[in-house]
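What would the 3D arrangement of this be:
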Amino acid sequence: MTASRPGVAALSTHRLSKDYGDRPALEPLDLEVPEGQHVALVGHNGSGKTTLLRMAAGLLDPSDGEVRIMGHPSGSLGARRSLSWLSDSPTFYDDLSLWEHLEYVARLHGVQDWNDKAEELLTRLQLSGRRDDVPTTFSRGLRQKAAIALGMVRPFDVLLVDEPFVGLDSNGKATLLELLDEAAAVGATLLVATHELAFVTRVTRLLALRDGAIVYDGPPADADVHSLVLPA
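Sure, this is the predicted structure:
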């Protein structure tokens, strides 16, 4: 993790919006997530969760407004250095093994002693036997586990995750919950879009979107979690 910047939010948006033609995917949004907060982002399919996360990750241009990561504009070098992004549809290089992917990502982010961390992740995610295989040949569940390993092998201040539990077996879900808890315990900021109730009950803040607008922002204990989390 990099040094914190006093007074700077881990993630902030100002009038952030996204339109697809005449259809608003995200209404103008002002949001601030302090450093170290553990946040679940919920809502039915099409509510704007993925749109918000992709703009925060710098993968989608907003129609208006801005989003910053640790004070840096999304997509900038400073923002990319600070955040790790786990997509619900991960992509991999066709000619690199899983182990080569891990080495590439770790070295790209300046991790010197990456081997032990990579070995630990593969063991915990039950991927040790697939280390020399190419992830593009994996099943959806194994691809998701591989993406988790790649996202966790590098340092980050902010972790953005889109539907990470889809396709995972029970071991994978349990391991991911542990890894998210461990990241939060050392001060990382987590923003996780999910329908997984087991995760939602562990967070400090729940954000619910409906039709591109926030309809709930507060602790999970004060919300009708089932109605907010489960698809409409």
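
next one: the worst-scoring helix or strand of the chain on mean pLDDT to chain centre, how far?
The helix or strand of the chain with the poorest confidence is helix 225-229; it has a mean of 72 (mean pLDDT, DSSP states H and E). Average the C-alpha atoms of helix 225-229, do the same for its chain, and the two points are 20 Å apart (CA atoms, centre = their mean, to the nearest Å).

again, but for stretch 110-127
19 Å.

got the buried residues for that stretch?
By 16 or more other CB atoms under 10 Å, the buried positions in stretch 110-127 come out as 111, 114, 117, 118, 121, 122, 124, 125, 127. C-beta coordinates here come from the backbone N, C-alpha and C atoms, glycine included.

For the chain, just list every one of the helices.
Ranges of helices within the chain are 49-56, 77-82, 98-108, 114-124, 140-152, 170-185, 197-200, 225-229, based on DSSP state H.

now the longest one, how far from the chain's geometric center?
In other words, helix 170-185. 13 Å.

From the contact counts, what lies against it?
For helix 170-185, the contact count by 3 or more CB pairs under 8 Å, 6 or more residues apart in numbering; DSSP states H and E identifies helix 114-124, helix 140-152, strand 158-162, strand 189-193, helix 197-200 as packing neighbours.

would you list those in JSON lines and tack on mean pLDDT?
Formatted as JSON lines, these follow (pLDDT from 0 to 100):
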{"stretch": "helix 114-124", "mean pLDDT": "97"}
{"stretch": "helix 140-152", "mean pLDDT": "96"}
{"stretch": "strand 158-162", "mean pLDDT": "97"}
{"stretch": "strand 189-193", "mean pLDDT": "97"}
{"stretch": "helix 197-200", "mean pLDDT": "85"}
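
Turn these into CSV, including distance to residue 175.
Conversion of the helices and strands packed on helix 170-185 to CSV gives the following (distance: least, CB to CB, whole Å):
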stretch, distance to residue 175
helix 114-124, 5
helix 140-152, 8
strand 158-162, 14
strand 189-193, 15
helix 197-200, 13
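
can the helices of the chain go into JSON lines with extra columns for distance to residue 26?
As requested, these are exported to JSON lines (distance: least, CB to CB, whole Å):
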{"stretch": "helix 49-56", "distance to residue 26": "5"}
{"stretch": "helix 77-82", "distance to residue 26": "18"}
{"stretch": "helix 98-108", "distance to residue 26": "29"}
{"stretch": "helix 114-124", "distance to residue 26": "33"}
{"stretch": "helix 140-152", "distance to residue 26": "24"}
{"stretch": "helix 170-185", "distance to residue 26": "24"}
{"stretch": "helix 197-200", "distance to residue 26": "21"}
{"stretch": "helix 225-229", "distance to residue 26": "17"}
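
deepest of those helices, which one?
When you average the neighbours per residue for each of the helices of the chain (mean count of other CB atoms under 10 Å), helix 49-56 leads with a mean of 24.

on that earlier part again, for residue 134, find the nearest of the helices of the chain.
Ranking these by their distance to residue 134 (criterion: CB to CB) puts helix 98-108 first, at 7.5 Å.
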